[in-house]
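K.L.:
sequence plus the predicted model coming up.
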Amino acid sequence: MVETSAVADADSGIGAGQLASRNAATLTVSAKERVADGVVSLVLTHPDGARLPDWTPGSHIDLVLPDGTVRQYSLCGDRWDAHAYRIAVLREAAGRGGSACVHDRLRPGEHVGVGGPRNHFPLVPSEKYLFVAGGIGITPLLPMMQQAELLGVEWQLLYGGRTRASMAFRKELAAAYGEKVHVVPQDERGLLDLNGWLGVPRPDTKVYCCGPAPLLAAVEEACAAWPPYALRIERFTADTQTPPVRDKPFEVELRRMARTVMVTPDVSVLEAVRAAGAGVLSSCEQGTCGTCLTPVLEGQPDHRDSILADHERAANDCMFLCVSRSCGDRLVLDL
């Protein structure tokens, strides 16, 4: 069993003003720095120097860009710095323009809306940790290593990338942690030796992995014999989905609104409840960011997100309205 989370870099269905007002956060880009080939980091602070909401390792924020689009990025700075958030952004050649906007248009001194932070990739207690990063997947793992170090817990990092120059924070990690960090540039040493690192299950170790889909698939395969929930991964893109369990309309009761809506096969639950007047916010609309998480009071959701773990799905007490549906004739939501 694998604990799965996701953070998307996808176009949003929510406006900048709507998201910013929800979280009451308009922050200033106080610093921008190139940290690797194709990667820049941003430091975000409150315009008045006010304290920012606390966060835990694995958290991400919604960044509302000047053109109103929204992207999700992992917080990769010092969680004990109450006045600054740091993120790192990879320029995505095949992206939808969000990373290009950050790289080419966003400048220190500009204001951006920020939603969150939220955490679907928490660091759980363990005797030991093995962190596996591919490329920009290093970002959510940085605060985890800092936390493990503070707790005095044994850990190691296996960090792969195309080239040394493309691997963000490589020098920072080596200077801070020395031999605990194992850097593997593909052009010099080939792919990560996952069988060597993961071939023998270790009951006392949790594996945290973030990176491109092929790396995640390879790590999942290498950890197939590990104890349940020993592996925890975070995805930047949605899982491939099978067809919905149900191809017929179903009812959704909005308990607090005392309204019932019919959801047809061509409409998402999110679209249906919004049409009925429910003020549910969303961001990625791909089941990866976690913004539209909603409590379920009755019924069995057809979970189609890339976030919830198996035991969380089995509880049937929440769902992501943008992609998930119903297994039966009726759902009751706490809306």
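P.N.:
That came through, no problem.
K.L.:
could you give the number of residues near Lys248?
P.N.:
Residues lying near Lys248 (other C-beta atoms under 10 Å) number 9. Glycine gets a C-beta too; all of them are placed from N, C-alpha and C.
K.L.:
going forward, the N-terminal residue is numbered 16.
P.N.:
That works, and once the first residue is 16, the last one we named lands at Lys263.
K.L.:
list the contacts of it.
P.N.:
Applying C-beta atoms under 8 Å, 6 or more residues apart in numbering, we find Lys263 in contact with Pro280.
K.L.:
ok, 10 Å please
P.N.:
With contacts defined as C-beta atoms under 10 Å, 6 or more residues apart in numbering, Lys263 is in contact with Thr279, Pro280, Ser341, Asp344.
K.L.:
surely Gly113 and Arg86 touch.
P.N.:
Yes - counting by C-beta atoms under 10 Å, Gly113 sits close enough to Arg86 to count as a contact (4.2 Å).
K.L.:
what does stretch 189-201 contact?
P.N.:
Around stretch 189-201, the neighbours that count as contacts under C-beta under 10 Å, 6+ apart are 146-150, 157, 160-161, 163-164, 169-182, 184-188, 204-208, 212.
K.L.:
domain ranges for this structure, per the record?
P.N.:
For the chain, automatic domain parsing gives the domain ranges 22-132, 143-250, 265-348.
K.L.:
can I get the ones you listed in TSV including mean neighbour count?
P.N.:
As requested, the domains of the chain are exported to TSV (neighbours: other C-beta atoms under 10 Å):
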stretch	mean neighbour count
domain 22-132	18
domain 143-250	18
domain 265-348	19
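K.L.:
which one of the ones you listed lies closest to Thr257?
P.N.:
Thr257 lies closest, by C-beta to C-beta, to one member of the domains of the chain: domain 265-348, at 8.8 Å.
K.L.:
measure that closest one end to end?
P.N.:
Domain 265-348 has an end-to-end distance of 13 Å (C-alpha to C-alpha, to the nearest Å).
K.L.:
any idea how far it is from the chain center?
P.N.:
From the chain centre to the centre of domain 265-348 is a distance of 19 Å (C-alpha atoms, centre = their mean, to the nearest Å).
K.L.:
ok so, going back, so which of the contacts of stretch 189-201 belong to helices?
P.N.:
Cross-referencing the contacts of stretch 189-201 with the helices (criterion: DSSP state H) gives Leu157, Met160, Gln161, Ala163, Glu164, Arg185, Lys186, Glu187, Leu188, Arg204, Trp212 as the overlap.
K.L.:
export these as a markdown table, with columns for pLDDT and distance to Ala97.
P.N.:
Formatted as a markdown table, the entries for these read as follows, by pLDDT from 0 to 100; distance: C-beta to C-beta, whole Å:
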| residue | pLDDT | distance to Ala97 |
| --- | --- | --- |
| Leu157 | 98 | 18 |
| Met160 | 98 | 20 |
| Gln161 | 97 | 15 |
| Ala163 | 98 | 21 |
| Glu164 | 97 | 20 |
| Arg185 | 96 | 27 |
| Lys186 | 95 | 26 |
| Glu187 | 95 | 21 |
| Leu188 | 97 | 23 |
| Arg204 | 96 | 39 |
| Trp212 | 97 | 36 |
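K.L.:
ok, these vs Pro140, which is closest?
P.N.:
Distance to Pro140 across the ones in helices among the contacts of stretch 189-201 (C-beta to C-beta) is lowest for Ala163, with 10.4 Å.
K.L.:
surely the closest one touches Leu138?
P.N.:
Yes - A contact is recorded between Ala163 and Leu138 when judged using C-beta under 10 Å, the distance being 7.6 Å.
K.L.:
what do these two both touch?
P.N.:
Here Ala163 and Leu138 have Pro72, Tyr144, Phe146, Leu156, Tyr223 as joint contacts, going by C-beta under 10 Å, 6+ apart.
K.L.:
is it possible to export those to TSV including distance to Ala329 and pLDDT?
P.N.:
Output for the shared contacts of Ala163 and Leu138, formatted as TSV (distance: C-beta to C-beta, whole Å; pLDDT from 0 to 100):
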residue	distance to Ala329	pLDDT
Pro72	26	97
Tyr144	26	98
Phe146	28	98
Leu156	28	98
Tyr223	23	98
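K.L.:
and Lys263, how far is that from Ser141?
P.N.:
If you measure Lys263 against Ser141 using C-beta to C-beta, to the nearest Å, the figure is 44 Å.
K.L.:
then Arg247?
P.N.:
The spacing between Arg247 and Ser141, counted by C-beta to C-beta, is 10 Å.
K.L.:
name the residues contacting each of those two.
P.N.:
Lys221, Val222, Tyr223.
K.L.:
scan the chain for its longest strand.
P.N.:
Once the chain is assigned using DSSP state E, the strand that runs over the most residues is strand 41-51.
K.L.:
for that one, list the C-alpha coordinates in CSV.
P.N.:
Coordinates of the C-alpha atoms in strand 41-51 are reproduced here as CSV (Å, rounded to 0.1, in the frame of the first residue of the first chain):
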residue,chain,number,x,y,z
THR,A,41,-1.7,39.1,-0.7
LEU,A,42,2.0,38.7,-0.4
THR,A,43,5.0,40.4,-1.9
VAL,A,44,7.8,38.8,-4.0
SER,A,45,10.7,40.0,-1.8
ALA,A,46,13.4,38.0,-3.6
LYS,A,47,13.8,36.0,-6.8
GLU,A,48,16.9,33.9,-7.5
ARG,A,49,18.1,31.4,-10.1
VAL,A,50,18.9,28.2,-8.2
ALA,A,51,19.5,25.8,-11.1
